[in-house]
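Asker: this one's structure only:
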C-alpha cells in the first residue's frame, strides 16, 4: 500500500483532463508536492504544484524530468495522445506516433523513475489505460492501450522485488477533452481519481473505474466477438 498524504508525486500530462483531476485529488488528499507536466506548462496558483515541461517521445526530456523530480515516491504515467480511426486506412506514420507516445513514452517514464522509486523505498507507479485495452473499435489508439496494459503487467512483476506497487487503471467514457464532443454519458474524472487514490492506499493492483470497464474485464475469457465497442472510450 502507498500513502498519499505527505507524498511527493509526479503526474505526467497533469495540466489538463484526467491528469488535472489527479493533481486536484492528490492535493485534496494531502500530497506535499505534485510535479505536473505538460509540453508547454503554465503556472499553477497552488504552491504545492510544480509545473515541468515534458515530451514523452524525447528521451532527453524524460531524463531531464527525472533529474528534476528525483524525490517522488508516486508516479502517474498518464501522458498520451489520442487519434481514432480504422486501422486498414490508417496512415502508418500516425500509428507510429501513437505508439511512440502512448507505449514507448510510458515505458521511458517507467524506466527513468524505477530507480527513483526504489530509492524512496518502493513507492508506486500508476499506469493509465482504458477499457480499450480489452475492447476493440478504436483502431490504433486501442492497440496502444492494449500494449500499454501488457507492459504494466510485466512491470508489476519486475518492480515487485524493489517494493513498488504498480497499479493499472481502466476507464470508459470520461469527461475529458478527447471525447468531450461525443454525445454519450461520461464519467467524472475526479471520481476516477478518487478511486485510484483509494486503490493506492489499499495496496491494490488494478482499478476498474466504471461499469464499462468492469463488463469488458468480465468477458475476457469469452468469445472474441464480444470484445468490441461501437465507438471509442
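Answerer: All right, it came through fine. If you're wondering where the values come from, they're calculated on a predicted model, not measured in any experiment. Numbers count the residues shown, from 1 in each chain.
Asker: identify the bridge partners of the residue nearest the centre of the chain.
Answerer: Central residue of the chain (CA atoms, centre = their mean): residue 128, 2.4 Å from the mean position. Beta bridges link residue 128 to residue 169, judged by DSSP bridges.
Asker: need the pLDDT of it.
Answerer: Note for residue 128: predicted pLDDT of 95.
Asker: please spell out which residues along the lowest-mean-pLDDT helix or strand in the chain are buried.
Answerer: Within the chain, confidence by mean pLDDT, DSSP states H and E is lowest for helix 211-218 among all helices and strands, at a mean of 91. For helix 211-218, burial by neighbour count (16 or more other CB atoms under 10 Å) applies to 212-213, 216-217. The C-beta positions use only the backbone N, C-alpha and C, and glycine is treated the same way.
Asker: turn these into a markdown table, columns for distance to residue 108.
Answerer: Formatted as a markdown table, the buried residues of helix 211-218 follow (distance: CB to CB, whole Å):
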| residue | distance to residue 108 |
| --- | --- |
| 212 | 29 |
| 213 | 26 |
| 216 | 28 |
| 217 | 27 |
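Asker: returning to what we had before: isn't the residue nearest to the centre of the chain right up against residue 21?
Answerer: No: if you go by CB atoms under 8 Å, residue 128 and residue 21 don't touch, sitting 10.9 Å apart.
Asker: how many neighbours does the residue lying closest to residue 202 once chain neighbours are set aside have?
Answerer: Spatial nearest neighbour of residue 202, chain neighbours left out: residue 1 (6.1 Å); criterion: CB to CB, 6 or more residues apart in numbering. Residues lying near residue 1 (other CB atoms under 10 Å) number 10.
Asker: tell me the contacts of residue 1?
Answerer: Residue 1 is in contact with 165, 200-203, counting by CB atoms under 8 Å, 6 or more residues apart in numbering.
Asker: measure it to residue 199 for me?
Answerer: 9 Å (CB to CB, to the nearest Å).
Asker: please apply the same query to residue 47.
Answerer: 28 Å.
Asker: out of these two, which sits in the busier spot?
Answerer: Neighbours per residue (other CB under 10 Å) separate residue 47 from residue 199, with residue 199 holding more: 23 against 7.
Asker: you'd agree that one is in a helix?
Answerer: Yes: counting by DSSP: H, G, I helix; E, B strand; the rest coil, residue 199 is located in a helix.
Asker: and the helices in the protein?
Answerer: In the chain, the segments counted as helices under DSSP state H are 17-28, 59-68, 92-99, 105-119, 140-159, 189-202, 211-218.
Asker: now these as TSV including distance to residue 228?
Answerer: Shown next, in TSV, are the helices of the chain (distance: least, CB to CB, whole Å):
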stretch	distance to residue 228
helix 17-28	24
helix 59-68	34
helix 92-99	19
helix 105-119	24
helix 140-159	10
helix 189-202	23
helix 211-218	9
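Asker: return the most buried member of the ones you listed.
Answerer: helix 17-28 (a mean of 22; mean count of other CB atoms under 10 Å).
Asker: now for that helix, which elements pack on it?
Answerer: strand 8-11, strand 33-38, helix 189-202 (3 or more CB pairs under 8 Å, 6 or more residues apart in numbering; DSSP states H and E).
Asker: average pLDDT across it?
Answerer: The model assigns helix 17-28 a mean pLDDT of 96.
Asker: try stretch 105-119
Answerer: On average, stretch 105-119 scores 98.
Asker: make 49 the first number, not 1, from now on.
Answerer: Fine by me, first position is 49 from now on; the one you just mentioned is stretch 153-167.
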